[in-house]
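Colleague: Make a model of this:
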Amino acid sequence: MRESRYPTVAELVLSARTLAVQWPGLCVLRQVGVSRGGRPLHLLSVGRARHAVLVVAGAHANEPAGNGTLLTLARRALYERELRDGVSWHFLLCADPDGASLHVTPAPRSLYDYHLGFFRPAGPEQPEWAPSVLPADRLPPETRALTGVIDELRPFLQVSLHGTDLGGSWVQLTRDVPGLAEPFAKSAAELHIPVETGASDAAGWPASGPGVHVMPAPEAAPAYPSLTDDARHSTWYHAHRYGGLTAVVEVPMWASDLVDDPAPHPAPDTAMHALAQRLLRDAGEVRHVLEDVRPGPPPPDPLLRAATWVLELVPGLADDLVRTPPADGTRAYVGSVDAFARRVPLRAAAMLRRALRDTDARAAARLDRLVAHWSDAFATRFHARWVPVRHQVEHQSRTVVAAARQARGLR
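Modeller: Here you go, the predicted structure:
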């Protein structure tokens, strides 16, 4: 049994409304946009000081820890006066409510259970990443709402609350925040959360401390050239036009100490070749199912569209793993890439299974077997252990507060 669960978006909005009623002179809840599906986008503000911190939850539908963290931070900002000393706090309750409506993770019992309700939209439909892959006149309304809030608040710090299914905790910074690495590491150690020192998401990014990665110089070559994601064109970088920066705080649902091993890997190049081959093989199994049931262009179903988009990434990513020298030769980095290469086909299979379960029972059963097998293999390979929700929230909220305190000193 899980001792707690992740709050839903509806519960998040209800709690925010309650806070606004209880603290009428200090706390304001307002609508700042509407999603593609017509769902409101809400901003909760605490205080009126000119120096602003913006906290964004729900940028990725499958990363639910940020909901609890956002509420914890809002309450701390209300009850801890020192956090409002010259600083106002603003909370975008959910950057992608449409995506959140399609992902179901109340309190997963296993990785398999987590993937039964999995959804993460295709890259161009993700609010934070859309500007890196779409022209300005085609940006989704969620992205325009987020950048509009940044334009209005001009935050010295934007924090995006993210999470990973299995691994460790790390931070990505669009500009260095000296002094953050120490409280981040201390919090992780106290809560028995491993620090992901070689996070594949930050491959090639220099580190200002273990697990704290700073965006590289513009001339630096990308670790994965085939991927179109570019932080300098995402909403993370939008705060830079006002002298601010963005911190992305990741926390795991299940922890693995394998991503916190700084020892050199004995054969990183060989390992990358093996991971690339497994990635191609596993993705090929999912692709065969997709081709059997749906020849032709992607349909409008967001689950099918997302699964198709994920599979389209695979050939280029596999080439990157083979042709590009490893960004980091440690066991931690190879472990992080191993986890990444397992997620890609697993997520595609999970979303395709959900899309087909009511129309093609045989194909859905094939995919269910893959999801079950790959989920179990993932958990076994990485010795997965559940991180209590309260620890996920506590570590993420501590890191946000530490980042705000340190970043304030940079101004």
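Colleague: Assign the residue nearest the centre of the chain to helix, strand or coil.
Modeller: Most central in the chain under CA atoms, centre = their mean is His162, positioned 3.5 Å from the mean C-alpha point. What DSSP: H, G, I helix; E, B strand; the rest coil gives for His162 is strand.
Colleague: Test my guess that it contacts Pro252.
Modeller: No - assessed by CB atoms under 8 Å, His162 is found out of contact with Pro252, at 10.6 Å. Every residue, glycine included, has its C-beta placed from N, CA and C.
Colleague: quick revisit: excluding residues flanking it in the chain, which one is nearest the residue nearest to the centre of the chain?
Modeller: Glu250 (4.8 Å; CB to CB, 6 or more residues apart in numbering).
Colleague: which residues of this protein fall in helices?
Modeller: All helices of the chain, identified by DSSP state H, fall at 9-22, 65-79, 97-102, 111-116, 130-133, 141-153, 181-190, 268-293, 302-323, 331-356, 361-381, 389-408.
Colleague: tell me the mean pLDDT for the second one?
Modeller: Right, the one you point to is helix 65-79. Averaging pLDDT along helix 65-79 gives 97.
Colleague: Which neighbouring elements make contact with that helix?
Modeller: If you count contacts as 3 or more CB pairs under 8 Å, 6 or more residues apart in numbering; DSSP states H and E, helix 65-79 packs onto helix 9-22, strand 40-46, strand 51-56, strand 87-92, strand 157-167, helix 389-408.
Colleague: Need these in TSV (columns: mean pLDDT and distance to Glu190).
Modeller: Listed next are those as TSV, based on pLDDT from 0 to 100; distance: least, CB to CB, whole Å:
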stretch	mean pLDDT	distance to Glu190
helix 9-22	97	26
strand 40-46	98	26
strand 51-56	98	22
strand 87-92	98	24
strand 157-167	98	19
helix 389-408	97	8
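Colleague: Report the contact partners of Val289.
Modeller: Ala349, Leu352, Ala363, Arg366, Leu367 (CB atoms under 8 Å, 6 or more residues apart in numbering).
Colleague: Tell me how far the residue nearest to the last one when sequence neighbours are not counted lies from Glu63.
Modeller: Distances taken as CB to CB, 6+ apart place Arg353 nearest to Leu367, at 3.8 Å, with adjacent residues excluded. Using CB to CB, to the nearest Å, we find Arg353 at a distance of 20 Å from Glu63.
Colleague: before we move on, what about Ala199?
Modeller: For Ala199, the distance to Glu63 equals 14 Å [CB to CB].
Colleague: Those two: which is more packed in?
Modeller: Each of Ala199 and Glu63 has its neighbours counted (other CB atoms under 10 Å); Ala199 has more, 28 against 23.
Colleague: any idea how the protein splits into domains?
Modeller: Split into domains by automatic domain parsing, the chain comes to 9-257+386-408, 268-384.
Colleague: How far does the first one sit from its chain's centre?
Modeller: In this case it means domain 9-257+386-408. Relative to its chain's centre, domain 9-257+386-408 lies at 8 Å (CA atoms, centre = their mean, to the nearest Å).
Colleague: about what we covered before: list the contacts of the residue nearest to Leu367.
Modeller: By CB under 8 Å, 6+ apart, the residues touching Arg353 are Ala364, Leu367, Asp368, Val371.
Colleague: Need the pLDDT of the third one.
Modeller: Same thing as Asp368. 98.
Colleague: what do you get for the first one?
Modeller: We have a pLDDT of 95 for Ala364.
Colleague: residues touching Gly33, list them.
Modeller: Gly33 sits in contact with Pro40, Leu41, Pro141, Glu142, Arg144, Ala145, Leu146, Gly148, where contact means CB under 8 Å, 6+ apart.
Colleague: Out of those residues, which end up buried?
Modeller: Buried subset of these (neighbour count, 16 or more other CB atoms under 10 Å): Leu41, Pro141, Glu142, Ala145, Leu146.
Colleague: so where's the stretch 201-350 of the chain uncertain?
Modeller: 295-299 (pLDDT under 70).
Colleague: Tell me the spacing between Pro141 and Val286.
Modeller: The gap separating Pro141 from Val286 is 31 Å, by CB to CB.
Colleague: thinking again about what came up before, can you lay out the helices of the chain as CSV showing distance to His233?
Modeller: Converted to CSV, these look like this (distance: least, CB to CB, whole Å):
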stretch, distance to His233
helix 9-22, 27
helix 65-79, 22
helix 97-102, 20
helix 111-116, 30
helix 130-133, 4
helix 141-153, 11
helix 181-190, 26
helix 268-293, 26
helix 302-323, 18
helix 331-356, 21
helix 361-381, 31
helix 389-408, 22
